[in-house]
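Asks: here is the input, now give the coordinates:
(chains A, B and C)
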Amino acid sequence: MSSLQTISLSGSKKEVSKKEMTFLEKLYLIAIIKGLWITIKHFFKKKATIQYPDQVRPFSPVYRGRHMLKRDSQGRENCTACGLCALSCPAEAITMKAAERKPGEEHLYREEKYAEIYEINMLRCIFCGLCEEACPKDAIYLTISKELVPAQYHREDFIFGKDKLVMPLEMAIRNTQQNSVN
Amino acid sequence: MDSALIIEKSVVIVAVFVFTMIMAMYSTWAERKVAAYLQDRIGPNRAGWGGLLQPLADGLKLFAKEEFEPNTPNRILFFTGPAIAMSTALITSAVIPWGDKLELFGRTVILQATDIDVSILYVFGIVSIGVYGIMIGGWASNNKFSLMGAVRAASQMVSYEVAMGLSIIALLMMTGTLSLKEIAQQQSGLHWNVFYQPLSFLIFLICAFAETNRTPFDLAECESELIGGYHTEYSSMKMGFYLFAEYANMFISATIISVLFFGGYNYPGMSWVIEHWGNNAGNLLGMLALFVKLCFFIFFFMWVRWTIPRFRYDQLMHLGWKILIPLGIINIVITGIVLLRSEIFAFLGF
Amino acid sequence: MSTVLIIFYILSAITLSMAFLAVFTRNPIHSAIYLVVCMMSIGGHFLLFNSQFLAIVQIIVYAGAIMVLILYTIMLMDLNKEHEVHRPRVTRLVAIILFSLTCIILILIFINSDPVAGTIDRYDNFGEDFQSIKKLGKVLLNEYLVPFEYASILLLTAMIGAVLLSKKEKPGK
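Replies: This next block holds a predicted model:
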């Protein structure tokens, strides 16, 4: 038994002793001065704060943030409104309404069918990324926006429509230019 | 009475009042900044440069808040509580000597609102009245947490006033006067009382923490047990007054510590400066010296707040009654023996 | 009327009204607070005599210490109307008679006492501040040393008595 008490599996076992304090320890003055020394050292340390809207912490490559509906290299929307993302969503945050592509809209939508309305309720979304996994057309991504969902004053403002979700055209053009250079 | 004297005194009084208000306001800013820096944060920095307009924003917010009144047994007392707390915190600064004297427009302006014979007792009297602000407010809130907070605050302040008085008596035996101005004058040229009365200084410092209800003695408002303590039911500017009074008290305590123990407006080489640069320059520098000293003590109050955890109530009473008061009495006896050493030696036949 | 007289009348009005209110109010907390204001206005009377020390001591001792403790005890007690004790008529009568007797004695003392006029003359002639703490201390510790020490012994006895009363008896004994 005695050997069991001395074993330390974690290697950090400490023997707790409850011995009488000496007079100097009872005064607590030295302990207080030590404590003050520790806090004053922190006073001059580098501050850990990141002032968010002005400074942004570098995102990890696997972060999941605000969704983005991708455009292809010619600036056309990838999404075909198949509804697989809505089906896979565990929080039921996604709704959409499909529409048929009219002639003359080929430069806007890649396939014959596209999403006329595509809405994600950001209050319901849990940012699990299952929609991204389910998408057969590589249309929805949580990793490219490099943004978090901002705070709003009203609940309605958290329902993001296509105006906020679809990748901006300039971004698509830039991507294409970069890809062609590479 | 001389009308010029009245104008002079009113200017000094208004200046002291405004200075106290501004210091109390910026103590709230400094508290938040110091707390942030000690915890590796930055603190308020949005309102103005470095958050310097933050106190104004806070005040504006408090004014704009809804005034909530609990179902109180006495509305007048509910209003009187914060009023007493605020006014007692502000009128203490009347006896503090901010400097010796200035010569302006051919007049000698004494840099003190009033130099009464019994300044220290005056401060003690006002502080003891300040207890009523907390007690009445806590009782009139008609809330058990407020009452508990008020009772705690009152008993704590009454207990520590005893030890504070004893620590001061040893100092008074040495200085032989109750006037703060004379005490400050006696300490010129680095004869600071802290070197002669270190024990008295330590007791006074600890009691000052308890009197201002600051951590580690802020049992009157410990959130984990009493919500907000005596100001739980207060809202809007009435609560602002309580918080403001706490900071004004802290400022006054810091000033009194610097005047009693750290030479007040004296600084090394003051007589040289007065001789070579003139009286006004020397005394303005003296005011600056006092300002630096009191700023350090305000910082010290905050520094301790973010270092030491809160006491338990029985520990607080034990420290006050069983340690500080006997220590104060021992200090008085030692001071008496040292002061009368020649008589004692003569009596013993040396 | 001089300014001092006007201030005296205002102060006296405050003192007397607060004293009566303290007696007549049913609510014990209000009564205690009226008493506090009364004590502080008495401090004001001392200030009118130019005795700063006594005024401040009045405020520290009565308003700052004693009344705080009284208020403290009242707050901790449950003082409702049901708990009010009804005293029998005989005790009330005895109390009234005792109070009147004390009043008569006090009035007689005031009438027969040496008028202050002579003292004021002496005060003016000396040109010395009799109210300063230095003077007070010297008088207390030279001329009135014995009564002063007796008073301290009285306070000490009261303190020891309080300690004895609050001390719990050990169960073994």
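
Asks: residue 56: how many residues sit nearby?
Replies: Looking at chain A here, since you left the chain open. 12 (other C-beta atoms under 10 Å in any protein chain shown). Just so you know, the C-beta spots here come from the backbone N, C-alpha and C atoms, and that holds for glycine as well.

Asks: you answered for a different chain; I wanted chain B.
Replies: 13.

Asks: helix/strand/coil for it?
Replies: Local secondary structure at residue B:56 is given as helix here, using DSSP: H, G, I helix; E, B strand; the rest coil.

Asks: longest helix anywhere in the chain?
Replies: In the absence of a named chain, chain A is used. The single longest helix within chain A, with elements called by DSSP state H, is helix A:29-43.

Asks: my bad, the chain I had in mind was chain B
Replies: Assigned via DSSP H, chain B shows its longest helix as helix B:3-38.

Asks: what helix or strand does the one residue in the stretch 51-200 of chain B that gets nearest to chain C sit in?
Replies: Nearest residue of the stretch 51-200 of chain B to chain C (C-beta to the nearest C-beta) works out as residue B:128 at 2.6 Å. Assigned by DSSP states H and E, residue B:128 falls within helix B:119-140.

Asks: show me where the chain has its strands.
Replies: I'll assume chain A. A:68-69, A:94-100, A:113-121, A:140-141, A:159-160 (DSSP state E).

Asks: re earlier: pretty sure the residue of the stretch 51-200 of chain B closest to chain C contacts residue C:61?
Replies: No: the pair residue B:128 / residue C:61 is not scored as a contact, 9.0 Å apart, by C-beta atoms under 8 Å.

Asks: settle it for me: which of these two has more neighbours?
Replies: Neighbours were counted for residue B:128 and for residue C:61 using other C-beta under 10 Å; residue B:128 has more, 22 against 14.

Asks: so how far is residue B:200 from the more buried one?
Replies: For residue B:128, the distance to residue B:200 (C-beta to C-beta, to the nearest Å) stands at 20 Å.

Asks: again with residue B:137
Replies: 33 Å.

Asks: these two - which one has more neighbours?
Replies: residue B:137 (31 against 27).

Asks: what does the pLDDT read for the more buried one?
Replies: Residue B:137 carries a pLDDT value of 84.

Asks: identify the residues contacting it.
Replies: Listed by C-beta atoms under 8 Å, 6 or more residues apart in numbering or on different chains, the contact set of residue B:137 reads B:77-78, B:80-82, B:85, B:146, B:150, B:230-231, B:234, B:242.

Asks: mean confidence for the one helix or strand residue C:134 maps to?
Replies: Using DSSP H and E, residue C:134 falls within helix C:133-142. Average pLDDT, helix C:133-142: 81.

Asks: for chain C, longest helix please?
Replies: From DSSP H, the single longest helix across chain C is helix C:89-112.

Asks: circling back: okay, buried residues for the helix holding residue C:134 please.
Replies: By neighbour count on 16 or more other C-beta atoms under 10 Å in any protein chain shown, the buried set for helix C:133-142 is residue C:133.

Asks: same check on stretch C:47-57?
Replies: C:47, C:51-57.

Asks: how far off centre is that stretch?
Replies: 14 Å (C-alpha atoms, centre = their mean, to the nearest Å).

Asks: pull the CA atoms of it into PDB?
Replies: The C-alpha trace of stretch C:47-57 is given here as PDB (Å, rounded to 0.1, in the frame of the first residue of the first chain):
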ATOM      1  CA  LEU C  47     -18.600  76.000  16.200                       C
ATOM      2  CA  LEU C  48     -20.500  79.200  17.100                       C
ATOM      3  CA  PHE C  49     -18.400  79.300  20.300                       C
ATOM      4  CA  ASN C  50     -15.400  79.100  18.000                       C
ATOM      5  CA  SER C  51     -14.400  75.700  19.600                       C
ATOM      6  CA  GLN C  52     -13.500  73.700  16.600                       C
ATOM      7  CA  PHE C  53     -12.100  70.800  18.600                       C
ATOM      8  CA  LEU C  54     -15.300  70.200  20.600                       C
ATOM      9  CA  ALA C  55     -17.400  70.500  17.500                       C
ATOM     10  CA  ILE C  56     -15.400  67.900  15.600                       C
ATOM     11  CA  VAL C  57     -15.300  65.600  18.600                       C
END
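
Asks: who's in contact with that stretch?
Replies: So stretch C:47-57 is contacted by B:116-118, B:121-122, B:124-125, C:4, C:7-8, C:11, C:43-44, C:46, C:131-133, C:136 (C-beta under 8 Å, 6+ apart).

Asks: so what's the residue of the stretch 51-200 of chain B closest to chain C up against?
Replies: By C-beta under 8 Å, 6+ apart, the contact list for residue B:128 reads B:157-158, B:161, C:59-60, C:63-65, C:68.

Asks: please repeat the previous calculation with a cut-off of 6 Å.
Replies: By C-beta atoms under 6 Å, 6 or more residues apart in numbering or on different chains, the contact set of residue B:128 is C:60, C:64.

Asks: that one and residue B:252: what is the separation?
Replies: Distance of residue B:128 to residue B:252, given as C-beta to C-beta: 14 Å.

Asks: what about the strands in the stretch 201-350 of chain B?
Replies: Taking DSSP state E, counting those that start in this stretch, the stretch 201-350 of chain B contains no strands at all.

Asks: tell me which parts of it are close to chain A?
Replies: B:306-307 (C-beta under 6 Å from any C-beta of the partner chain).

Asks: cool, chain C as well?
Replies: So chain C never meets chain A (C-beta under 6 Å from any C-beta).

Asks: middle-most residue in chain C, spatially?
Replies: residue C:62 (6.6 Å; C-alpha atoms, centre = their mean).

Asks: what pLDDT does the model give it?
Replies: The model reports residue C:62 with a pLDDT of 87.

Asks: list the contacts for it?
Replies: residue C:39.

Asks: are we agreed that it is in a strand?
Replies: No: according to three-state DSSP, residue C:62 belongs to no strand; its state is helix.

Asks: residue C:27 versus that one, what's the distance?
Replies: 21 Å.

Asks: and residue C:143, by the same measure?
Replies: In terms of C-beta to C-beta, residue C:143 sits 45 Å off from residue C:27.

Asks: these two: who's more crowded?
Replies: Comparing residue C:143 with residue C:27 by other C-beta under 10 Å, the one with more neighbours is residue C:27, at 13 against 10.

Asks: need the pLDDT of that one.
Replies: pLDDT, read off for residue C:27, is 80.

Asks: could you list the low-pLDDT ranges of the chain?
Replies: I'll assume chain A. A:1-5, A:182 (pLDDT under 70).

Asks: let's do chain C instead
Replies: C:1, C:78-86, C:114-131, C:170-173.

Asks: at 90 instead, please
Replies: C:1-8, C:22-33, C:36-37, C:39-40, C:43-93, C:95, C:109-145, C:147-148, C:159, C:161-173 (pLDDT under 90).

Asks: who in it is up against chain B?
Replies: C:52-53, C:56, C:59-60, C:64, C:68, C:71-72, C:75, C:132-133.

Asks: how about the contacts made by residue B:312?
Replies: Residue B:312 neighbours (C-beta under 6 Å, 6+ apart): none.

Asks: what separation is there between it and chain A?
Replies: 14 Å (C-beta to the nearest C-beta, to the nearest Å).

Asks: repeat that for residue C:137.
Replies: Residue C:137 is 35 Å from chain A, by C-beta to the nearest C-beta.

Asks: and stretch B:10-30, C-alpha only, in CSV?
Replies: What follows is stretch B:10-30 as a C-alpha-only set of coordinates in CSV (Å, rounded to 0.1, in the frame of the first residue of the first chain):
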residue,chain,number,x,y,z
SER,B,10,-13.7,81.2,-3.7
VAL,B,11,-11.3,80.7,-6.5
VAL,B,12,-9.2,78.3,-4.4
ILE,B,13,-12.3,76.4,-3.3
VAL,B,14,-13.7,76.1,-6.8
ALA,B,15,-10.3,75.0,-8.0
VAL,B,16,-10.0,72.3,-5.3
PHE,B,17,-13.6,71.2,-6.0
VAL,B,18,-13.0,70.9,-9.7
PHE,B,19,-9.7,69.2,-9.2
THR,B,20,-11.3,66.6,-6.9
MET,B,21,-14.1,66.0,-9.4
ILE,B,22,-11.7,65.6,-12.3
MET,B,23,-9.4,63.3,-10.4
ALA,B,24,-12.4,61.1,-9.3
MET,B,25,-13.6,61.0,-12.9
TYR,B,26,-10.2,60.1,-14.3
SER,B,27,-9.7,57.5,-11.5
THR,B,28,-12.5,55.5,-13.1
TRP,B,29,-10.6,55.7,-16.4
ALA,B,30,-7.3,54.8,-14.8
